[in-house]
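Visitor: Generate a structure from the sequence data that follows.
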Amino acid sequence: MKLKRTMRIATGLACLGAALTVFIPHLTSYISRAAVVNAPIISVKSPFDGALMSDALTPATPVLPTSTIVELQASRSSRTELARLEARSSILAREEVSISTEISTLSQLDQRLVVRMERVQTLAREVLEAQLSGLRGELAAARERQDRLAREALRFTQLSANGSVPQAQAETAVSLAAEANGEVIRLTAAVEETVRSIAGIQDGILPGLGTEDGSYARQRRDEVAIRLADLKGRKARIAAQRVGLLQEIEALREEVGRFDRFAPRLPTGAVVWSATPAKGAVIASGDEVLQLLDCSRRFVEVFVHETAFEAIRPGDTARVRLRGSDETFLATVEALRGAGSQRATGLLAAEPENLTEGSLSGMLRLAPADVGMAGVAQNFCDVGRTAEVRFDREFGTMLTVAGHWFEELLRGIAPSLAAGHSGDWFGASDAG
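Guide: Model prediction:
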């Protein structure tokens, strides 16, 4: 009896120790119900009908950053619009050159007209200055004659009054004096007119000198100025049209280039998730060429009991251990979803386990994986591996969590008790 009692006590202590071993981690930490390493899938699709020019890629092949993933060559490309625009640009360029040549020719003609007008001005000034010199000489002589005839008229008038000379002779002398006075007035006006004509030359007003009075050159310069203004306006409009056309050509050339060749690159490392067709395979527009695993955006999706929703916050730290590994590492909580939220499917590489209701979903961001390291790409950057995640809890929440844990524990062992495989295990032992 003592032996049996000792065995029962030892067995009970072992069961108690096992229960404590299982329960204590749940008491001190929130332990995940399930967790899996996940990452998004990138789908590469063809933008046009073409053929695969690069070698075929098999799953688990690393794709290094900034390296060409695949290369597609378009089966046909339309360059008609590009050729039309380039021809239009060439026409505008030749028209602009022609207008520039015409502007240069008219500018040279205008310079020749300027020289011609300057020569006419110089000639007119010299002629007028010569005329002015002669008029001033004539005016001086006329004034001298005016004074002489005026004295003679006065003397003959006095002699005629004394009866010394005939009246007719005195009248003739007075008439000659008046004529001389008129000549002085005429010459004075001519001198003033010549002076004004010389002054007008400085303002471009040229007097008539034979058949050339400067009006022809002046008129021609006005015509040239009007023509130059029109040509410069046309040239500016054509230049603006050509600049816009060149920008359109450049944009269209880039577009044609993109539709001639498709060679995408990624700034981060990735791993081939699905194989590509064989080299030379024909691919239709919109067809998927391959799928890539984005190892730069790995994360752990973890599920814990929803009672921890208020205790776990984004920014908290969790301890993660991948199944099959003895090492643990820290990860930061980035987002939380309640039990009623819909899970994202279709764009992720791994599918989490099916869980019962009442599970809180959290996302822990992992560091990007270096696909160039040995074994990383072959293991698909650990995507799909399950893990155990623990969140440290405060002591004040232990009793509540313990109650939920015992409730789930009893819910799990209740079917075994109801099956009747053993009644009261300890009682059965006593009966033995």
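Visitor: strand partners of the strand or helix carrying Phe303, parallel vs antiparallel please.
Guide: Per DSSP states H and E: Phe303 is located in strand 299-305. With DSSP bridges as the criterion, the sheet partners recorded for strand 299-305 are strand 34-38 (antiparallel), strand 359-365 (antiparallel).
Visitor: Adding mean pLDDT, mean neighbour count and distance to Ala51, write those strands out as CSV.
Guide: (Each C-beta comes from the backbone N, C-alpha and C, glycine too.) Converted to CSV, these look like this (pLDDT from 0 to 100; neighbours: other C-beta atoms under 10 Å; distance: least, C-beta to C-beta, whole Å):
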stretch, mean pLDDT, mean neighbour count, distance to Ala51
strand 34-38, 88, 22, 34
strand 359-365, 85, 21, 40
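Visitor: May I see the ones you listed arranged in TSV, with distance to Val165 as well?
Guide: Supplementary listing: the strands paired with strand 299-305 in TSV, determined by distance: least, C-beta to C-beta, whole Å:
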stretch	distance to Val165
strand 34-38	147
strand 359-365	141
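Visitor: Quick check: which of those is nearest to Ser325?
Guide: Ranking those by distance to Ser325, with C-beta to C-beta as the measure, places strand 34-38 first at 11.3 Å.
Visitor: Which residues does the strand holding Phe303 contact?
Guide: Contacts of strand 299-305 from elsewhere in the structure, counted by C-beta atoms under 8 Å, 6 or more residues apart in numbering, are 30-39, 312, 318, 320, 331, 334, 350, 352, 355, 358-366, 387, 389, 391, 401, 404.
Visitor: so who does the residue lying closest to Ala170 once chain neighbours are set aside touch?
Guide: Distance criterion C-beta to C-beta, 6 or more residues apart in numbering; nearest residue to Ala170, sequence neighbours excluded, is Ser160 at 3.6 Å. Ser160 sits next to Pro166, Gln167, Gln169, Ala170 when contact means C-beta under 8 Å, 6+ apart.
Visitor: Just confirm the last one contacts Phe156, I think it does.
Guide: It stands for Ala170. Yes. Distance between Ala170 and Phe156: 4.1 Å, which falls inside the contact criterion (C-beta atoms under 8 Å).
Visitor: Please name the residues that touch Ser67.
Guide: For Ser67, the contact set (C-beta under 8 Å, 6+ apart) comprises Arg265.
Visitor: The same query, at a cut-off of 10 Å, please.
Guide: When the contact criterion is C-beta atoms under 10 Å, 6 or more residues apart in numbering, the partners of Ser67 are Arg265, Leu266, Gly269, Ala270.
Visitor: Mind telling me what element Ser175 is part of?
Guide: Taking DSSP H and E as the definition, Ser175 sits inside helix 167-201.
Visitor: just checking, what packs against that helix?
Guide: Counting by 3 or more C-beta pairs under 10 Å, 6 or more residues apart in numbering; DSSP states H and E, the packing neighbours recorded for helix 167-201 are helix 80-162.
Visitor: Check the offset of the helix it packs on from the chain's centre.
Guide: When distances are taken as C-alpha atoms, centre = their mean, to the nearest Å, helix 80-162 is centred 59 Å away from the chain's centroid.
Visitor: Over to stretch 261-269?
Guide: A distance of 21 Å separates the C-alpha centroid of stretch 261-269 from that of its chain, computed with C-alpha atoms, centre = their mean.
Visitor: Okay, now that stretch: how far is its last residue from its first?
Guide: According to C-alpha to C-alpha, to the nearest Å, stretch 261-269 extends 22 Å from its N-terminal end residue to its C-terminal end residue.
Visitor: Give me the buried positions along it.
Guide: Taking 16 or more other C-beta atoms under 10 Å as the neighbour-count basis, stretch 261-269 is seen to contain the buried residues Phe262, Leu266, Gly269.
Visitor: What is the nearest of those to Leu106?
Guide: Phe262 (52.8 Å).
Visitor: count of neighbours near the closest residue to the closest one other than its chain neighbours?
Guide: Nearest non-adjacent residue to Phe262, counting by C-beta to C-beta, 6+ apart: Leu72, 4.1 Å away. Using other C-beta atoms under 10 Å, Leu72 is surrounded by 23 other residues.
Visitor: just checking, Leu72 touches Gly280?
Guide: No. Contact criterion C-beta atoms under 10 Å: Leu72 and Gly280 do not qualify, at 11.2 Å.
Visitor: Identify the contacts common to Ala170 and Phe156.
Guide: Taking C-beta under 10 Å, 6+ apart as the contact criterion, the common neighbours of Ala170 and Phe156 are Ser164.
Visitor: now the host helix or strand of Glu334, how far from the centre of its chain.
Guide: Assigned by DSSP H and E, Glu334 falls within strand 329-337. Using C-alpha atoms, centre = their mean, we find the averaged C-alpha position of strand 329-337 to lie 36 Å away from the chain's own average C-alpha position.
Visitor: Report the buried residues of it.
Guide: Ala331, Val333, Leu336, Arg337.
Visitor: Check these for the minimum pLDDT and say which it is.
Guide: Between the buried residues of strand 329-337, the one the model trusts least by pLDDT is Arg337, at 81.
Visitor: Who is that residue paired with across the strands?
Guide: Partner residues in beta bridges with Arg337: Ser361, with DSSP bridges as the criterion.
Visitor: unless I'm mixing things up, it is touching Leu360, no?
Guide: Yes. Counting by C-beta under 10 Å, Arg337 sits close enough to Leu360 to count as a contact (7.4 Å).
Visitor: Stretch 238-252: how far from the chain's middle?
Guide: That offset, for stretch 238-252, works out to 17 Å (C-alpha atoms, centre = their mean).
Visitor: all numbers from here: first residue = 100
Guide: With the count now opening at 100, the last piece we talked about shows up as stretch 337-351.
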